[in-house]
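Visitor: fold the following for me, if possible:
(2 chains)
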2 protein chains.
Amino acid sequence: MGLVSLTVCGMPALRNEQSRRAILDAAMSMICELGYDKISIEAIARQAGVSKQTIYRWWPSKGAVILEAATESLGAVVAIPDTGDIVADIRTQLTAILDLITTTGFGPAYRSLIAAGQSDPDLLRALFDQIIEPNIQDFSARTALARQRGEMRGDADWQTLRDLLYGVVEYRLFHSMPLEPEYLDAVLEIVFHGVR
Amino acid sequence: MGLVSLTVCGMPALRNEQSRRAILDAAMSMICELGYDKISIEAIARQAGVSKQTIYRWWPSKGAVILEAATESLGAVVAIPDTGDIVADIRTQLTAILDLITTTGFGPAYRSLIAAGQSDPDLLRALFDQIIEPNIQDFSARTALARQRGEMRGDADWQTLRDLLYGVVEYRLFHSMPLEPEYLDAVLEIVFHGVR
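Guide: You can find the predicted model right below:
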């Protein structure tokens, strides 16, 4: 007898990776073309070549599908490298995030998710858990090393520093202001050296 | 002959200040109770005791009414004072903004407007013109004095500094993270003194 998908004790059925990939790719390409409001689970299913039921078996809502698609596309670029130079390493990561925002469906998807999350606390919480919290963990670990090694002050408030860095990127994204890599140098100059 | 309201050459009719105030107050109180999505022009009109047509004569959309209500409530607290201490003065203004966000309808209204603006470029542009642009002008003027007087570095990048300060407030608002006045001290410490 081969492997079977089972729904046991309320656990979701095992996902078929090929269908899952097709669904997330469809969601991501449709958000670029149509925008969040005009997408439906039905349309994602049609484009992915799966049934609506398949999507509802794995995700509770359209927002959840798009959040998973966005989280996966961010996954590849989100880690802060460690070359021993914290400013260069944060710049490398933020440059990759800006590139993702400005050249892929991640930008429109993220804007839509934050927008929908303002009236959907479950979605906002899921976004926090899947996107913000892993970033907090990664930033915490990398800045702990930086503080030990003297790449930055030992008593620096890394949590507020993190808010400032990712907050300014979101601010410019949500207000449709330009997001160019050179801008990061201006940001890093202020938070590392201060304007006093 | 007394004053009359005229619609001439496509100009909007003169507004009756009492009706205008009733409409903006109704919009602001309803956004607290119901949230943006559940408000309609019709419901605002009913609560304000005016006709739907009166609202449509003065505003093109629900978003425009709520934006004007939010802009007015921000107006009273938005100016940065000048005591000669730029850090204290920015703290005073940001404290007033946090208070407005956390204790009045401004917080929910602003979240809703930014959310709606992600799929409504005209609304996002109007919000930029009515809320962000005046803040840029004010911040520019106050930091120009600060740079001349040596309250901060003469070559400090005030535009990026402004993005960082208001960006971090929006970031914490949009992610439903706590916004306490003490947090501002952590922010000001970093942007004025740096973490290096």
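
Visitor: end to end on stretch A:169-186, go ahead and measure it.
Guide: Start and end residues of stretch A:169-186 are separated by 12 Å (Cα to Cα, to the nearest Å).

Visitor: what's the mean pLDDT across that stretch?
Guide: The average pLDDT for stretch A:169-186 rounds to 97.

Visitor: contacts for it, please.
Guide: Under the criterion Cβ atoms under 8 Å, 6 or more residues apart in numbering or on different chains, residues A:91, A:94-95, A:97-99, A:101-102, A:107, A:110-111, A:114, B:114, B:117-118, B:121, B:124, B:128, B:132, B:157, B:160, B:163, B:166-167, B:170-171, B:174 lie in contact with stretch A:169-186. Heads up, the C-betas are built off the backbone N, CA and C, glycines and all.

Visitor: now the buried members of those.
Guide: Buried members of the contacts of stretch A:169-186, scored by 16 or more other Cβ atoms under 10 Å in any protein chain shown, are A:91, A:94, A:97-98, A:101, A:107, A:110-111, A:114, B:114, B:117-118, B:124, B:132, B:157, B:160, B:163, B:166-167, B:170-171, B:174.

Visitor: next up, the contacts around residue A:89.
Guide: A:80-83, A:142.

Visitor: please repeat the previous calculation with a cut-off of 10 Å.
Guide: Residues counted as contacts of residue A:89 (Cβ atoms under 10 Å, 6 or more residues apart in numbering or on different chains) are A:79-83, A:142-143, A:145-146, A:151.

Visitor: domain assignment for chain A?
Guide: For chain A, automatic domain parsing gives the domain ranges A:17-69, A:72-193.

Visitor: PyMOL command for the buried members of the contacts of residue A:89?
Guide: For the buried members of the contacts of residue A:89, the matching PyMOL selection, counting by 16+ other Cβ under 10 Å, is:
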select buried, chain A and resi 79+80+142+143+146+151
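
Visitor: dump the contacts of residue A:89 to JSON lines, plus secondary structure.
Guide: Compiled in JSON lines, these are given as follows (DSSP: H, G, I helix; E, B strand; the rest coil):
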{"residue": "A:79", "secondary structure": "coil"}
{"residue": "A:80", "secondary structure": "coil"}
{"residue": "A:81", "secondary structure": "coil"}
{"residue": "A:82", "secondary structure": "coil"}
{"residue": "A:83", "secondary structure": "coil"}
{"residue": "A:142", "secondary structure": "helix"}
{"residue": "A:143", "secondary structure": "helix"}
{"residue": "A:145", "secondary structure": "helix"}
{"residue": "A:146", "secondary structure": "helix"}
{"residue": "A:151", "secondary structure": "coil"}
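
Visitor: by pLDDT, give me the weakest of the contacts of residue A:89.
Guide: Lowest pLDDT among those: residue A:79, with 92.

Visitor: ok, that one touching residue A:97?
Guide: No: using Cβ atoms under 10 Å, residue A:79 is not in contact with residue A:97; the gap is 11.1 Å.

Visitor: give me the common contacts of the two.
Guide: Counting by Cβ under 10 Å, 6+ apart, the residues touching both residue A:79 and residue A:97 are residue A:135.

Visitor: show me where chain A has its helices.
Guide: For chain A, applying DSSP state H gives helices covering A:17-34, A:41-48, A:52-58, A:62-75, A:86-103, A:106-117, A:121-127, A:133-149, A:158-174, A:181-193.

Visitor: nearest to residue B:188, out of these?
Guide: helix A:158-174 (9.8 Å; Cβ to Cβ).

Visitor: mind checking how far residue A:109 is from chain B?
Guide: Per Cβ to the nearest Cβ, to the nearest Å, residue A:109 is found 11 Å from chain B.

Visitor: hmm, I was thinking of residue A:179
Guide: 11 Å.

Visitor: separation between that residue and residue B:99?
Guide: Separation of residue A:179 from residue B:99 (Cβ to Cβ, to the nearest Å): 31 Å.

Visitor: alright, I will stop here.
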